[in-house]
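1. next come a sequence and a model predicted from it.
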Amino acid sequence: MQYASFVPGKAVKIGSFAQYVEVYLQVYGAAAFFVAGDRQTLETLAAIPQGLQFTQASTSPPYKLTWIGDLWVMANAAGSAIEIAVTLLPSGGGAIA
């Protein structure tokens, strides 16, 4: 699903996942997008960890994250969009690669 119309500096909850999922991210436009497990981390942290920043260049081809729990996304500028696709991982001991 594609998400647009972000207000810079305001986090949006994309979903909550009770089990591990694969999240594929692809950014369209000049904004940098940041992801975290909660709103407060994104909206109050002065320096977001570099590994959680995604741009058009770093998500082409789409970037894959393995995620569990809440997924919050924030953009640093208006006018860009992010495509987010989620796939459930099969349960079992070797599911996370």
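-> Looks like it arrived, so ask away. The model shown is predicted, which means the values in this text are computed figures rather than measured ones.
2. and stretch 35-53, how far apart are its ends?
-> 7 Å (Cα to Cα, to the nearest Å).
3. name the element the closest residue to Glu22 other than its chain neighbours belongs to?
-> Among residues not flanking Glu22 along the chain, Thr87 sits closest, at 4.5 Å (Cβ to Cβ, 6 or more residues apart in numbering). No exception for glycine: its C-beta is placed from N, CA and C like everyone else's. For Thr87, the host element (DSSP states H and E) is strand 81-88.
4. still on that earlier bit, show me the contacts for the residue nearest to Glu22.
-> Val21, Glu22, Tyr24 (Cβ atoms under 8 Å, 6 or more residues apart in numbering).
5. which residues sit against the host helix or strand of the second one?
-> Think Glu22. Assigned by DSSP H and E, Glu22 belongs to strand 12-28. For strand 12-28, the external contacting residues (Cβ under 8 Å, 6+ apart) are 2-3, 6, 33, 35, 39, 54-56, 58-74, 80-89, 91, 95-96.
6. of those, select the buried ones using a PyMOL command.
-> With 16 or more other Cβ atoms under 10 Å as the criterion, this PyMOL line picks the buried residues out of the contacts of strand 12-28:
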select buried, resi 6+33+35+54+55+56+59+65+67+71+72+73+74+80+81+82+84+89
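7. return the subset of the contacts of strand 12-28 lying in strands.
-> Of the positions in those, 2-3, 33, 35, 54, 63-74, 81-88 sit in strands, assigned by DSSP state E.
8. the residue nearest the centre of the chain bridge partners, please.
-> In the chain, the residue lying closest to the centroid (Cα atoms, centre = their mean) is Val35, at 4.2 Å. When assigned by DSSP bridges, Val35 has beta-bridge partners Val73.
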